[in-house]
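Undergrad: Whatever this is, show me its structure:
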Amino acid sequence: MDKDTFTLNNQTYSNNNNILLGIINELQQISNSSHENLTIKRISDVIIKMNFIINENRKNMGLIMNQFTKLENQISLLSQKLNINNINNQQELKCENGRYVGQVVNGLREGKGIYYVFNGDRYEGEWKNDKRDGKGIEYFHDGERYEGEHRNGKMEGKGIYYYYNGDRYEGDHRNDKREGKGIYYYNKAPFKGDRYEGDFRNGLKEGKGIYYWNDGDIYEGDWRNDKREGKGIFYWNDGDRYEGDHRNDKKEGKGIYYYHNGDRYEGDYRNDKKEGKGIYYYHNGDRQMGDYYNGGEIGKHVMLTRNGEVKINNY
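TA: Reported below is the predicted structural model:
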């Protein structure tokens, strides 16, 4: 490349004075850009060209002092906008699985930078001791994206993860997984419009949480291994309600089922159905006690009417 020519922002400048004007123009555009449109590589290219011109023109500084003053002012504004204390330490490093463009301290990635992975992944954000640490955005080659906090090279802290199918998770992360409190929004049929708010562990729903279905049903209670497990309340959109034990996403154990017509069942459940001992309370005041199997009555049942009468029903 001819040392007296430079291409900047798709324009070629033929002498040092014009090159300086081109750099000033580029810095002005960067300073006026939104933070999201700024890239460290773009800034780094300008800084490299700036340093070249400064070195080439040290003998003639008096002739172009005005341009250097303007250049210094633009750099100061740009540094404030990006919160960079020392913008001159931008470098490009070759890494094992890609390349890095950004700030470097003692040969290590430190500060703000972009890591381009050969498989198409990309990380833009803060670095500490050669690892992703602080605020940053990870772009994955399959279209997924994470925006949030990092620590020691992993997703850790508060963040938002966008999945390729349109799902979204907002909340705590630990060791690259959902862990802590968070909200998971579903976007793919048949779950489109569903959401879960609550505890996560090792990437799965675990602990206390509420699941909202797109049809209006709601479950509030215990979770384990991504399933309803333990004590909880299930609200149906027709007004029915179940309060009791759950296992493997089903009613299992002891529970009470409240029907929207006023009836109520208290007793045992198995595999999501009434099974075992139970009492059925009718809204008119009658009640019946007996055994249940596969959701229905079985054997001898004792009926106590609201008038005090006793009846025996066989099923």
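Undergrad: Could you pull up the residues touching residue 285?
TA: Residue 285 makes contact with 305-306, according to Cβ atoms under 8 Å, 6 or more residues apart in numbering. C-beta coordinates here come from the backbone N, C-alpha and C atoms, glycine included.
Undergrad: got it, and the one 10 residues further on?
TA: If a contact means Cβ under 8 Å, 6+ apart, then residue 295 has 273-275 as its contacts.
Undergrad: Strands - which of the residues you listed land there?
TA: Taking DSSP state E as the definition of strands, these contribute 273-275.
Undergrad: in the stretch 151-300 of the chain, which spans are strands?
TA: According to DSSP state E, counting those that start in this stretch, the stretch 151-300 of the chain carries its strands in the segments 154-162, 168-174, 177-185, 195-201, 204-212, 218-224, 227-235, 241-247, 250-258, 264-270, 273-281, 287-293, 296-304.
Undergrad: Show me what the second one is packed against.
TA: Using 3 or more Cβ pairs under 8 Å, 6 or more residues apart in numbering; DSSP states H and E as the contact test, the elements touching strand 168-174 are strand 154-162, strand 177-185.
Undergrad: Of those, which is nearest residue 269?
TA: strand 177-185 (27.2 Å; Cβ to Cβ).
Undergrad: In the closest one, which residues are buried?
TA: Taking 16 or more other Cβ atoms under 10 Å as the basis for neighbour counts, the residues of strand 177-185 that come out buried are 177-179, 181-185.
Undergrad: could you dump these to CSV with distance to residue 109?
TA: Rendered in CSV, the data for the buried residues of strand 177-185 read as follows (distance: Cβ to Cβ, whole Å):
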residue, distance to residue 109
177, 24
178, 26
179, 26
181, 31
182, 29
183, 32
184, 32
185, 33
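Undergrad: what's the closest of these to residue 215?
TA: The shortest gap between residue 215 and any of those belongs to residue 185, at 16.1 Å (Cβ to Cβ).
Undergrad: Give me the neighbour count for the closest residue in space to the closest one that isn't next to it in sequence.
TA: In space, residue 185 comes closest to residue 168 once its chain neighbours are excluded; the distance is 4.5 Å by Cβ to Cβ, 6 or more residues apart in numbering. For residue 168, the tally of surrounding residues (other Cβ atoms under 10 Å) stands at 16.
Undergrad: hang on, residue 168 packs against residue 159?
TA: No. Here residue 168 lies out of contact with residue 159, judged by Cβ atoms under 8 Å, at a distance of 11.1 Å.
Undergrad: Flag the shaky bits of the protein, pLDDT-wise.
TA: Judged against pLDDT under 70, the low-scoring parts of the chain cover residues 1-24, 26-89.
Undergrad: Send me whatever helix or strand residue 135 lives in as CSV with only the CA atoms.
TA: Residue 135 is part of strand 131-139 when elements are defined by DSSP states H and E. Output in CSV follows, covering the C-alpha atoms of strand 131-139 (Å, rounded to 0.1, in the frame of the first residue of the first chain):
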residue,chain,number,x,y,z
LYS,A,131,-12.2,-14.7,29.9
ARG,A,132,-15.8,-13.4,29.3
ASP,A,133,-16.5,-11.5,32.4
GLY,A,134,-19.1,-8.8,32.9
LYS,A,135,-21.8,-7.6,30.5
GLY,A,136,-21.9,-9.1,27.0
ILE,A,137,-23.9,-10.6,24.2
GLU,A,138,-23.3,-14.1,22.8
TYR,A,139,-24.5,-14.8,19.2
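Undergrad: mind listing what it pairs with, with the direction of each?
TA: strand 122-128 (antiparallel), strand 145-151 (antiparallel) (DSSP bridges).
Undergrad: And for the closest residue to residue 122 other than its chain neighbours, the neighbour number?
TA: Of all residues not flanking residue 122 in the chain, residue 139 sits nearest, at 4.4 Å (Cβ to Cβ, 6+ apart). Residue 139 has 18 neighbours, counted by other Cβ under 10 Å.
Undergrad: quick one: contacts for residue 139?
TA: So, once contact is read as Cβ under 8 Å, 6+ apart, residue 139 ends up touching 121-124, 145.
Undergrad: for residue 106, same thing?
TA: Taking Cβ under 8 Å, 6+ apart, we find residue 106 in contact with no residue.
Undergrad: repeat for residue 148
TA: Listed by Cβ under 8 Å, 6+ apart, the contact partners of residue 148 are 135-136, 155, 157-161, 173.
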